[in-house]
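Asks: The following comprises the amino acid sequence and a computationally predicted model.
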Amino acid sequence: MSAVSSDAGCDSEEIERFDVIIVGAGISGIGSATLLRKHCPDLSFVVLDAMESFGGTWLMHKYPGTRSDSDLFTFGYGFKPWKGDPIASRQQILDYLGGAIEDANLGPHIRYGHKVQSAEWSSEAASWTLAVERSDIEGLVHLQGRFLWMCQGYYRHSHGYTPDWPGLAQFQGQVVHPQHWPDDLDLSGKQVTVIGSGATAATLIPALADSCAHVTMLQRTPTYFAAGRNADSLADELRKLDTSKNRLFLA
């Protein structure tokens with residue numbers, strides 16, 4: 001990493017320059033940074049994230065019952081095999097990501113509270129110039145990088161999508177988007193309708209069932225759910241064998 005004088009219309013500001021700038025400190029960003037350090041140890045890099053900590057989706061979504069909808073044996077990292085139950089809770093995933101950051105010593109390279117406002121490519125300089133809003137100071141700072149690695153995911157964290165239904169303004173109750181679940185929401189005695197039947201509804205509804213008077217799933221497409229055991233038979237059997245302690249040597 002080095003500092004260079006600006007030639008991109010940023011007055012006399014000294015701009016930090018990196019070989020690689022990674023945007024996002026969620027699962028993708030942490031994995032990308034780890035593999036970058038492993039395969040290209042001589043490259044300088046920085047990881048930028050707009051939020052206050054790592055985790056991305058798993059930091060933002062705090063609704064009751066938040067968990068993965070894919071098994072962590074395939075969803076996790078090849079360089080850090082998952083050792084828990086296949087379907088993991090939000091906190092288990094955050095702990096796992098924190099462990100990955102610690103294992104690769106990524107902490108000094110991650111900058112939280114850094115929201116990218118724009119990215120401009122210069123063919124002459126063969127680099128990207130990023131305008132970044134920081135949460136701790138006013139105004140924008142600028143960073144340059146030869147390679148821009150976007151790992152920001154597909155959620156708009158600032159505002160989840162809510163359809164514009166006719167008459168919604170006349171609704172007497174409270175409308176809550178799971179992406180912005182209030183910490184102090186009290187559902188005692190409430191009649192709750194969950195719109196949708198995807199992964200969010202599948203995790204949210206069981207968690208709400210005992211905290212409200214009644215919960216109803218409103219779905220557009222008929223579907224069904226089947227209860228299953230949160231376990232993987234092959235993984236369980238391999239753990240029993242514990243091949244690291246019971247090796248067979250053939251002459």
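Replies: That came in fine, so what should we check first?
Asks: What's the separation between the residue nearest the centre of the chain and H157?
Replies: What sits nearest the mean C-alpha location of the chain, by C-alpha atoms, centre = their mean, is G56, with 2.6 Å. Computed with C-beta to C-beta, to the nearest Å, the distance linking G56 and H157 is 8 Å. The C-beta positions use only the backbone N, C-alpha and C, and glycine is treated the same way.
Asks: hang on, the earlier thing: G31 is in contact with the residue nearest to the centre of the chain, correct?
Replies: No: G56 lies out of contact with G31 (C-beta atoms under 8 Å); the separation is 11.3 Å.
Asks: which residues does the closest residue to D85 other than its chain neighbours contact?
Replies: Spatial nearest neighbour of D85, excluding adjacent residues (C-beta to C-beta, 6 or more residues apart in numbering): N230 at 4.8 Å. If you count contacts by C-beta atoms under 8 Å, 6 or more residues apart in numbering, N230 has them with D85, P86, I87.
Asks: Please report how far the closest residue to the second one other than its chain neighbours lies from T162.
Replies: Beyond its immediate neighbours in the sequence, the residue positioned closest to P86 (C-beta to C-beta, 6+ apart) is D71, lying 3.7 Å away. Noted for D71: a distance of 30 Å to T162, by C-beta to C-beta.
Asks: Comparing those two, which shows the higher neighbour count?
Replies: D71 (16 against 12; other C-beta atoms under 10 Å).
Asks: which ones are touching that one?
Replies: D71 makes contacts with P86, I87, D232, as judged by C-beta under 8 Å, 6+ apart.
Asks: surely the second one meets G65?
Replies: No: under the criterion of C-beta under 8 Å, I87 makes no contact with G65, lying 11.2 Å away.
Asks: how many other residues sit next to L143?
Replies: L143: 23 neighbours (other C-beta under 10 Å).
Asks: Strands of the stretch 1-150 of the chain, residue ranges please.
Replies: Counting by DSSP state E, counting those that start in this stretch, one finds strands in the stretch 1-150 of the chain at the ranges 2-5, 14-23, 45-48, 110-111, 114-122, 127-134, 140-150.
Asks: For S89, grab the count of nearby residues.
Replies: The burial count for S89: 16, using other C-beta under 10 Å.
Asks: how about it, what does it touch?
Replies: If a contact means C-beta under 8 Å, 6+ apart, then S89 has T66, R67 as its contacts.
Asks: Kindly recompute the last result at 7 Å.
Replies: The contact partners of S89, taken as C-beta atoms under 7 Å, 6 or more residues apart in numbering, are R67.
Asks: what pairs with it across the strands?
Replies: Using DSSP bridges, the bridge partners assigned to S89 are R67.
Asks: that older thread, wait, is the residue nearest to D85 part of a helix?
Replies: No: read with DSSP: H, G, I helix; E, B strand; the rest coil, N230 is coil and lies in no helix.
Asks: Tell me the spacing between G228 and V215.
Replies: 21 Å.
Asks: re earlier: just checking, which of the contacts of D71 comes out lowest on pLDDT?
Replies: Across these, the smallest pLDDT goes to D232, namely 88.
Asks: close enough to count as contact, that residue and P86?
Replies: Yes: using C-beta atoms under 7 Å, D232 makes contact with P86 at a distance of 4.9 Å.
Asks: which residues are common contacts for these two?
Replies: Jointly contacting D232 and P86 under the rule C-beta under 7 Å, 6+ apart are D71, F73.
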